[in-house]
Every structure is written in structure tokens, then in C-alpha cells.
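>>> sharing a sequence plus its predicted fold:
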Amino acid sequence: MEYIKLSSCLLGITVLLTTCISKLDIETNPPPRKLIVDGFITDAPGPHSIRLLRLTALGSNAPNEINASVSITDNEGTETVLLEVEPGKYDTPELFQGKIGNSYTLNVKTISGVSYISTPQTIPDGPDIDSVIFRFKKLPSADPNNIRSGVEVFSQWQDPPEENFYLWIKHKGAYQIRTRPDLAHDMFGEPAPKDCCAICFVNEPVKPLNVLSDFRENGQTITASVAFIEDDGLRIKRMFFMELNQLNISREAFEFYDEVSTQLSINGSILDPPPSTITGNMVSTSDQDQIAIGFFGAFRSSTRLIEITPQLLEDRQREIIIEEDCRTVLGASTSRPDFLN
Amino acid sequence: MTRSGIFTFLLFASWQNFAQSPTIIGRISNKSPAPYEVSGRVFLSSTGKPLAGVNVLLPNQGISITTDENGEFSFLFMEGIHVIKASLDGYETKTQIIKVLGHGNLNFSMRDTRYPAGINYKSHRIFTIGQDSQDSIPPYSFFGKVVNGDIKPLSGVNLYLTRQEEGTSTDEQGNFTLELYEGIYLLQVSSIGYKTKTHVIDVQGEGTLSFIMREKTIELEEVIIEAGETQNNVNQVAGKEILSINSIKTLPLLGGEPDILKTLTLLPGISTPGEATGRFNVRGGGFDQNLILLDGAPLYNPSHLFGFFSSINPNMVRNVTLYKGSIPAMYGGRGSSVVDISYKKGNFSHWTGDLSLGMLSSKYTAGGPLVSNKLSVMTGGRASYINWLLKQSNDPDVHDSRAAFYDGNVLLNYAINPDNDLEYSFYTSSDSYRFAGDSSNRWQNFAQALRFTSEFHENVTLRLSGTRSRYQSIIDDDNEFTPFELQSGVLDNQIGLDLEFLFGKQKVNVGGQTKFLSVDPGTLDPGKNSTIAHEDIESEQAMESGIYLHHAFDLTDQINLSYGLRWSNFRYLGSANVNIYDTTLPRSRSSIIGSNEFNNNELIKQYNGFEPRVSINYKLNYNTSVKAGYHRMFQYIHLISNTVSISPIDVWKLSDPFIEPEVINQYSLGVFKTVGQGKYDLSVEGYYKDWNNVVDFKDGADLVLNDHLETELLSGIGKSYGVEAYLEKKSGPISGWLSYTFSRSLRKIRGTFPQETINRGKWYASNFDMPHNFSAVAKRRVGRYGTMSATFTYSTGRPLTIPEGEIVIQERVLAFFTERNGSRIPDNHRLDIAFRFRIPSLKKAYNGHWTFSVMNIYGRRNVFSAFFKENENASTQAFRVSVIGAPFPSLSYELTF
């Protein structure tokens, strides 16, 4: 049984009240085969991906929906067929590129003959990120000899006052590491130098669903926290690369992803919101009882590459020297990440 | 006899000879041959009752004898001087020198050492309380009532224990309560215009004692003494529960803090959705359906620390009255219950107080005369030191978090003259907490009450009151770019008039209240250099009024009838912009097609209705009654909350053109019985309740700073029903009660559109539907100064929305829910124990009560909540949160001065 202190959500009272979180076994019935639609297109060049899956029982892998007919039609009557490039993943052609102001509809027909359609999604216009701000930040610590620190990244833009805009800021990161394979040891602790490799790139999987609105800051210069890159002795030793992908999304999309984000944030706090049913913008045209979950979006996209240098660190964590082939580090490879090419 | 013994005896005899002359037994003229029989009797000096078991000793002969049940003894003596000594534990030892000349008698009077010396007991009548219930558990509840010569209750009468230097005063109904241990007490009863008198009370158990105070020069006299009959299960109005604060203190405490509201949940029909929430539910109703009155002023958030503790200082409280059924017509505005908490009043002649030290907070009360016999004050305060504890932690998340609370009370009581009384009370409470690196949250309550009571006619009492209650919740965020302060709150101003007519055994109350309500749904103020725009959601204004008539009387010797009618009126007022929605679409932000603007105080919407109340008590015999009740309540204010605990983002919402008032009808029927010569109370009561316009929220409702909150809310119907069984043992080596409730609380929301429908329009369990609820409370006396108590609670787990499966969105796995409240968390049960004791000491500072308690003694990990989260295997896992997941000990010390 796993016990996790709930200190972040129940204050220090937890120390006194010995609050704990543990796994709970709950029996559920086998779920109905509801279709899950997840993906979006942008005004950037393709391919753009739509994933089709099926609702699955807790703890099991969602089965892919294969061999479905998937297409996108726009308000000009153009239909684009998506091809299944891997099980459950349907891509637009590379040349497919959305247009700001055009609206797009996703059509899905499963192999069982059930048809689904999304509500039309218009690619909205919106502001671009004007600048990126970096702040060195120390995390709270009761131990003065062990203070975690890093760089918090903020994006800043001037929000147009005419109407509300909604953003989804995605980012991915990578950094270069240098290890010492020449100092490697074998399993008995004997020196066993390796020829390769000393220089790798580590890709960081990032999954935050960071959707924002200007609802409270309409017309202002908005500064929003995007990411915190912790200095672990490796990441910001040389350079940390980050691709910020800003998507201008519709209000409908914002509400959907915000609700998903809210549900993901539930962590057992006494202030947690209750669970809610996530629906989306897909409906069945052939059978009203067939419900699809998920959202098809059409967004405006802009991308910016930023670099986080060691000079931003007011205090540096001690460098970690890895006496091994750099490819043994989780997420590392000698290939340069695509977004850096 | 040894030489030293002889020396001692001679010394003793010579001193005795010097100190007192020997008592002559027998006459020389009647002299007959020795030995002579000397017989006698030992009796109690204060009452003259014979004392059995007294050891009567002839020290120089080494002979002793014990008095029989009549207190009698006899010895044979030779002629001469003899010493005779009588002793008994708890009584003053008596030694007498006698000169025996012949047969004769000798009587001893012995003083109970419990009786303080220096009092002429023959001039006092000694009242014995609880003579036949000597095996009940101390401290004994000593209830009483003070009335005047016309048998009208007298409020503000001071009852002062002169040796203990503590006391109390009577409430509006002339009632008082004292919690006393065995012993002799000198009780001084005083009130302006009445003669002060001191009475000797011999407390041996629980009981009641009432006084009649004759006006002006007429002396006080006592009329009723009933041992063991404190609360009459048979006679009391249906649906009414009274708790004395001292009985609450003997129960196990969390962090050493007695908790009034949590104790209520041990009674039948009352449940709580979790261990760390201040919320409680009465007969299937929501928390907001409980009207919590603190000295007449409503409290909107009676919790400290999310509900770990209630925000009411228990030492300020005289008693707590809960109405869960047949709510009298004087009360209105909430659908399920009334919790009427009354303060202690300051003594008019002496200062009294207490001090309590707990593990998480300390508190005090102090009260006494500001102007002798004219103006008294009672003050109380409590403050936590949790911040200090947090800072001791090495965990940065704990170390950098903050949590603090305090509350304070002042009660002024001004006796204008014997017929007129003015009372003012002030209450404030404040909470603040901050998770490390997060926003700080604060909430505050302010409540004031001013009440004028006049007995301007011998049969009529007028009560004029004004209350002001304010609840404010504030979230502060001091981040670099978007610092802000978000405020919301409720302001409740009320005036009320009540006229009470007493005609023999009939009581009629006529009156009314008008309440001005202002709800601030939220104001967002940007901090310095913040890019956030100021935002102010329009405040809601309303006037809620009610007029009533309530009549209680004995229809026959067997039937007591209490009925009333209340008419309530609610006026939702401007200024406001009321949205107009496209009725062909679900109500949402996008279906707004216009708005109507209303000026300040302009009527926007009005609701009104009659609220009949009936309670009938049919006594089948002296020990058994059948009670039936009905009430209808209108509720015009609703707590919109989507968290389990009381939280700073809860929103109060008035009824408006979209949200109609909740209308609740409740029917109840029960059998109540007292058996075992008053030792046992037994009852079985059933109820059925229905709601109209019950409010629930949509999935994913956005409640913060929402200027179209009606788009997030849904309205439907509800029902609850249940059976409550209650058995209380009021005296004996073990006392306590067993309470079991079977109940259901269901809702049905079927809107015009699927988006406005929950669970496809079928009945579903409300968040606090817990069918089986059982509690057992036991207290046992341990030694002369200790009480051991234990509380066991069991309840069915509350409803839980469980996922139908899991979905993947943007590579994140999350649970997919459909059926609201379709399952349940595991059942909850817990055993708490407490030991309350006193170590007798001549030094007052050490003569207080210690309470050691252990909550959750067998370490049950009750599920407070359950949630579903992505785990390390990229799939969804169910987790449970247990708040008190292990035995939790606490210690507190309470000193009365």
C-alpha cells in the first residue's frame, strides 16, 4: 500500500492528523464501446493527427479504433481524407494547412458503420507571444543545504481588447548532456571504458494541458507562467532548448480542455471539485445512442524556440558527472531533436 | 497500658479537663451496682438523621463498636471518667469525656466535613439533588428554572456557588444548568428587585431544582425538586434536542477541542459527510438548510480550518437547541433544521471564568459585573497556534504553509429594571490558511445581536431584536504578474418582534421578522502592477420577511398541541441586469439573448407562501407518548458549493427569477417512552420529507466570479425519508445512548434539455445520502473525580461518482464519468475514547479538568473522499483520502475560576 503525505493540500494538520492517501479497489462494470476522438488541425503545414480510440476499463490500455473513414470538410466544401498511419492515428496530408477564419468539420465513420460529426470549428485569429521572460526561482525548503532551484518561463503578449482570446501553450524541451563513457565501470566495479557516446540530447516529455483565457485580463499585457525548468545539475549545464507552441483556440475548445485540466488536477484535496462528465463536440449522425467523447479542434498556431542559458541561474546546482554512455540516460539519444533542426 | 500511654492519656485527659468539663452520665441518687449501661445515638448535625457505621471507640479500654442502622450504640462502664470517641470517614471526629455515675444516655452530633463550617444550617433548608441516583456519573447535570410569583420565567437571575466562586445565570426562559460533582454547595440566587438568598444544595446525582422568586420584598422559596428527571423524553416537543455544553465536554475531543456541531452528529437523524468537514445534514437536507443561530444571529460559516473545528467557543455556550422537525413558526428561512445556540451571561455580582489549554488552540471566558446588579459582561476568546506547529516541520510544504484561526465574543446584559432587560452580543471569527507557495485564503464571520426584552404586563413578554451578520471570504494571491484579491460575502441584517402571551398553560407567540440580505458573489481587485482587470459581479439584494403566530397548549390532559402558521415573503431587488435566455436552447452563456435592467431597490421577483407547522403529543400514559409533526419551510438562500468541505470558494446565492425558493414539507410520527423509573429514554420516529426546487449544479460548474450563475445551476425535486431509533440510559454505572438511523436522501433533476438533466432524469442519491447511521456514546465514572467516555460511530459510505472507464486526451489518461453518485465509498466507522478527570487540589490553579482523548483508537482509515488519477503506468487508479488515518491522541486542561 502506498502512502503519500497530503501536505500540499491539507496543510500541516496532516502531520497531526496522519492523513494518508492509499489505493482504493473499486469494481466497475465493463464500459460501453464509446468512441474517443482527440486531435486538432492548425494553420501550420501538416500533417495533423486525429486519434480514435475506444473507452476502456480502468487500468487497461484504450483500444485503437482502426479502419475508420476519417475526413475533414471545410466551409468552402473541400473534403480532406485522413489516412490511418498507425493503428488509431489518422493524419492529414502534409500539404493540408488550415486557414484562419475558415471552419472545419471532422467526419468519422467507424468500421461498424456508425457515423460521427463534429461541430464546425473556426480557426480563430489571435495575438502572438511578444516576449518570453525568465525568472530564477528557488523552491521552498526547510533545509538550507538542499534548496531546489530553476528557471520559470513566462510568455507575455499584448491582448487585443476587442474580444476574448483563448490560448493553449504547449511546449517541449531538450538539452544536451556530456557524459564520461571513458570512465565507465563494469558490474564488478572494474574500469570498462566505452568508446561511445559522450554527447546526447535528452528529450523531455511534457504533458501539461496549459490553457489560458484573457477573461480577467482583456486588453492587458498578459504574462503567463508556462513552465518551470528545474536545475538538476544536468538540464541547464549548457543550454536548455524549449519550443513554445502557442495555439489560439476557440472558447468551446478552451472550455473542453480547461475541464480536462481541472479533472486532471484532482489530487484528493478537500477543495477538489467533483468529477464531471467530459463530452466534447462530437455527435453521432447515425445512432443517437452512440456517444463520442472528445474534441476536434481547429486552431491558429505559432511557434517560438527559446534557449535557457546557465547565465540565468543565480545559484547553480552541483554538476552531475555521469561515468557512462550518455544513451543510458532516460530519454537520451545522439539524434538532435526535430524541433532543433 | 504502657507508661508512655498513661502519660499520653493523662496529658490528654488533663488537657480535656482543662478544655471541657466531662459530661455527667447517670445520677448518684439512682445509683445501682456497676457496670452501668451507657447507650446513645450518633446523628448528622445538619439534618438530624441517624448515622450508621460510626466507629465509637473507648481509647483507654481499646474497645470499639459500630453504630447500627439507627445510629445507636451502647457500652458498659465502671464508675469514673472515660473518654469516648466517634469517627466516620467524611465526618468530623467527635471526642467526649464522660463521667459515669450510673446508667444513662449519650448522643453525638457529627458534622459532615463536606459541609463548610461557619454556616448555621438550621436556618437553611438543605436540598438534596439526585438522592436516588447515586450511581450516575458525575459531573451531574443540575437543571433548574427560576420563575416569579406568577410562575413566569425570570431571565438574568444569577446563580452563584459561593465557595467555588463560579456560577451562571438564567436564560430567556428562566432556565439554568450547572454541572456539579457530589458535595455540598452554597448556591446564592440573586436578581435585581428580588431578595438574595443562599441555599444549601446537597448534590448526590442528577436532578432539577426550581425556584420561585417573590417580587420585591417577598422571599425566595423553592417549589420543585425532582431527582433524576432532567429531560422528559415523553413530554418534550417532537423533533427538539437539547444538549448541555458540559455533556459535550465529556466526549472525546479532536485536538482537545469540544465541538458543539460535531456532537450533534451523534444524535439520530443527523449525519456528517466526512471526518474533516464542519458540515452536517439533518434528515437528508443540505448543510445550507440548517439555520445556525448564535444568540439569534445567523452564522454562514461556523467552521474553523475547513471544519476540523467549529468556530463557536464552547465555553461561551450555555446550551444548544436543535429543531429537526416540527420547527416552531418563529423560525424560518432554512429548510431542515434550526440550531439555536445561546450564550452564557455574565454574573451580576461576581466575576467568573475559565481557561482551557489545548494542543492546537487555547481559549478563555470571563464574565462578571461592570455595574453591580445592573450591567454584566461575558467575554470569550480563542486562538490557535498551529502556525507555530507548522514551522517546526522539516517538510517545506508544511513549513511554508500557514493556518490560523481565532474567535471572540462579548455579551453585555443590562438589567434596566426587573421587567426590562437589554442585551447586546458581538461575535467574530477569522480563519486564514495558505498552502506553501499558493494563494492565501481567509474567511471571517461577524455577528451582532441587540435584544430588548420587556415584561410590561404580567402575561405578556415583548422581545425586540436586531441582528447583523456578515460573512466574508477572501482569497489573496501575491504572485509577480497577476496579484489579486478576490472577495465574496453575505450581509444579513434582521429586525424582529415577538410578543409572547401566557394564559395559564397556554402560550401564544405572535411576531415577525424582516431580513435584508445582500450577497456579494465576488469582487476581484488587482494587486499592484497586476494585469488582471478589476471585476465586480453585481451584488444581489433581497428582503425576506415573515410573520407568524404560534400557539402551544394542552388540548386535554393527554394531548398537547402546538401549531403555528408563518407567512413568508421574499422580494428580490435591484439593481441588477437580469439575463434573458433563448428558451429553445439550454441555458448557457451563449444562449443569452438580452437582459433587463433594474434600478436600485426595484422589485425584480417576488415569492411568498404559507408555512404551516403542527406538533401534537398524545400521552398514552405517564411513560409513553406518540408524537406527530408537520412543517413546511421556504428557503430563499442557497449555498452553491461543489466541494465536500466548507471552502472559501463556496458561493451563497439568493433565489431569483431563475432559481425559485426551495419548499420543504416534513411529516414525522414517533413513539417516545421512558422506562426504568426515568433511567431510560426510548424513541422510534419516522419521517418523510419532500423538496421542491432543490438546487444542484451542472457538471464542471464554474462558480467563481460568474455573473450568470444560473447557467451553472439546475433545479429539481428531492425527497428523504427515514426511521430513527434512540435509546438513552441516563443514570447508572454506565450512561450514554445508542442512536440508529435508516434514511435515504434522493434527488431528481429533469430539465428540458439533456444538458439540464442529471442521470437521465432518474432519482439519484444526494451527496449526503448515507442509509445506515449508528452511534453509541457511553460514559462511566472512574473514581470520584474521573469520567471515561467512548464514542463509536458507523455510517454507510457516502455516494461516489465512479468512472465508467478511462479515456485518453492529449496523451493524458483520465477517468470518464457518467452516472452521478452511482456508487459509494466504503463504510465509515470509528471508536474514540476520552478520560476527563480532576486531581483535587487546594490550589485552584491545579484544580481544573484534564481531558485526554484518543480519536480513531483502532486506526481505521475511513475514506474521506476518493478520486481517480493517472498513475505511473499511464492508466487511471482509484485512490482514497483518509483524514484521521491513525489513532490521534490529544490532551487539554480546563480551569474554572
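Cool, got the structure. Numbering: from 1, shown residues only, chains lettered A, B, ... in the order given.
>>> what separates the longest strand along chain A from the chain centre, distance-wise?
Within chain A, and with DSSP state E defining each element, the longest strand by residue count is strand A:292-308. For strand A:292-308, the distance between its averaged C-alpha position and the chain's averaged C-alpha position is 9 Å (C-alpha atoms, centre = their mean, to the nearest Å).
>>> pLDDT on it, on average?
Rounded to a whole number, the mean pLDDT of strand A:292-308 is 92.
>>> in that strand, what counts as buried?
Neighbour-count burial for strand A:292-308, with 16 or more other C-beta atoms under 10 Å in any protein chain shown as criterion, is recorded at A:292-302, A:306, A:308. (Each C-beta comes from the backbone N, C-alpha and C, glycine too.)
>>> which among these gets closest to chain B?
A:I293 (5.6 Å; C-beta to the nearest C-beta).
>>> residues contacting the closest one?
Residues near A:I293 by C-beta atoms under 8 Å, 6 or more residues apart in numbering or on different chains: A:K34, A:L35, A:I36, A:V37, A:L55, A:I278, A:T279, A:G280, A:M282, B:I807, B:F816.
>>> B:I98 too?
Applying C-beta under 8 Å, 6+ apart, one finds that B:I98 lies in contact with B:P22, B:T23, B:I24, B:I25, B:V38, B:F77, B:I81, B:H82, B:V83, B:I84, B:L106.
>>> cool, and B:L555?
B:L561.
>>> how close does it get to chain A?
Distance, B:L555 to chain A, by C-beta to the nearest C-beta, to the nearest Å: 49 Å.
>>> next one: B:P139
As judged by C-beta to the nearest C-beta, B:P139 and chain A stand 29 Å apart.
>>> and if you look at B:T741?
The gap separating B:T741 from chain A is 25 Å, by C-beta to the nearest C-beta.
>>> how many neighbours does that residue have?
When neighbours are defined as other C-beta atoms under 10 Å in any protein chain shown, B:T741 has 24 of them.
>>> coming back round to it: in JSON lines: the contacts of A:I293, plus neighbour count, pLDDT and secondary structure.
Shown next, in JSON lines, are these (neighbours: other C-beta atoms under 10 Å in any protein chain shown; pLDDT from 0 to 100; DSSP: H, G, I helix; E, B strand; the rest coil):
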{"residue": "A:K34", "neighbour count": "19", "pLDDT": "89", "secondary structure": "coil"}
{"residue": "A:L35", "neighbour count": "22", "pLDDT": "92", "secondary structure": "strand"}
{"residue": "A:I36", "neighbour count": "27", "pLDDT": "94", "secondary structure": "strand"}
{"residue": "A:V37", "neighbour count": "24", "pLDDT": "95", "secondary structure": "strand"}
{"residue": "A:L55", "neighbour count": "23", "pLDDT": "91", "secondary structure": "coil"}
{"residue": "A:I278", "neighbour count": "24", "pLDDT": "87", "secondary structure": "coil"}
{"residue": "A:T279", "neighbour count": "20", "pLDDT": "85", "secondary structure": "coil"}
{"residue": "A:G280", "neighbour count": "24", "pLDDT": "90", "secondary structure": "strand"}
{"residue": "A:M282", "neighbour count": "20", "pLDDT": "93", "secondary structure": "strand"}
{"residue": "B:I807", "neighbour count": "26", "pLDDT": "90", "secondary structure": "strand"}
{"residue": "B:F816", "neighbour count": "24", "pLDDT": "90", "secondary structure": "strand"}
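>>> check the residue of the stretch 151-300 of chain A found nearest chain B and give its pLDDT.
Across the stretch 151-300 of chain A, the shortest distance to chain B (C-beta to the nearest C-beta) belongs to A:S276, at 3.5 Å. Confidence per residue is given as pLDDT, and for A:S276 that number is 84.
>>> do B:G718 as well
Confidence at B:G718, expressed as pLDDT, is 95.
>>> OK, contacts around it?
B:G718 makes contact with B:G284, B:D690, B:W691, B:V694, B:S745, B:L746, B:R747, B:K748, B:S766, according to C-beta under 8 Å, 6+ apart.
>>> spatially nearest residue to B:L491, not counting backbone neighbours?
Spatially, and ignoring its direct neighbours in sequence, B:L491 is nearest to B:S518 (4.3 Å; C-beta to C-beta, 6 or more residues apart in numbering or on different chains).
>>> oh, I was asking about B:T198
In space, B:T198 comes closest to B:Q188 once its chain neighbours are excluded; the distance is 4.7 Å by C-beta to C-beta, 6+ apart.
>>> quick one: residues contacting that neighbour.
B:N158, B:L159, B:Y160, B:L161, B:T162, B:G167, B:T196, B:K197, B:T198, B:H199, B:S349.
>>> now, the most widely separated pair of the residues you listed?
The largest distance within those, taken as C-beta to C-beta, falls between B:H199 and B:S349 and amounts to 15.4 Å.
>>> which one of the two is surrounded by more residues?
Neighbours were tallied for B:H199 and for B:S349 using other C-beta under 10 Å; the higher tally belongs to B:H199 (19 against 16).
>>> kindly state the beta-bridge partners for the closest residue in space to that one that isn't next to it in sequence.
Spatially, and ignoring its direct neighbours in sequence, B:H199 is nearest to B:L187 (4.9 Å; C-beta to C-beta, 6+ apart). Residues found in beta-bridge contact with B:L187 (criterion: DSSP bridges) are B:L161, B:H199.
>>> what count of nearby residues applies to B:L187?
The tally of other residues near B:L187 (other C-beta under 10 Å) stands at 24.
>>> just A:L209 next, same as before
Counted with other C-beta under 10 Å, the burial measure for A:L209 works out to 20 neighbours.
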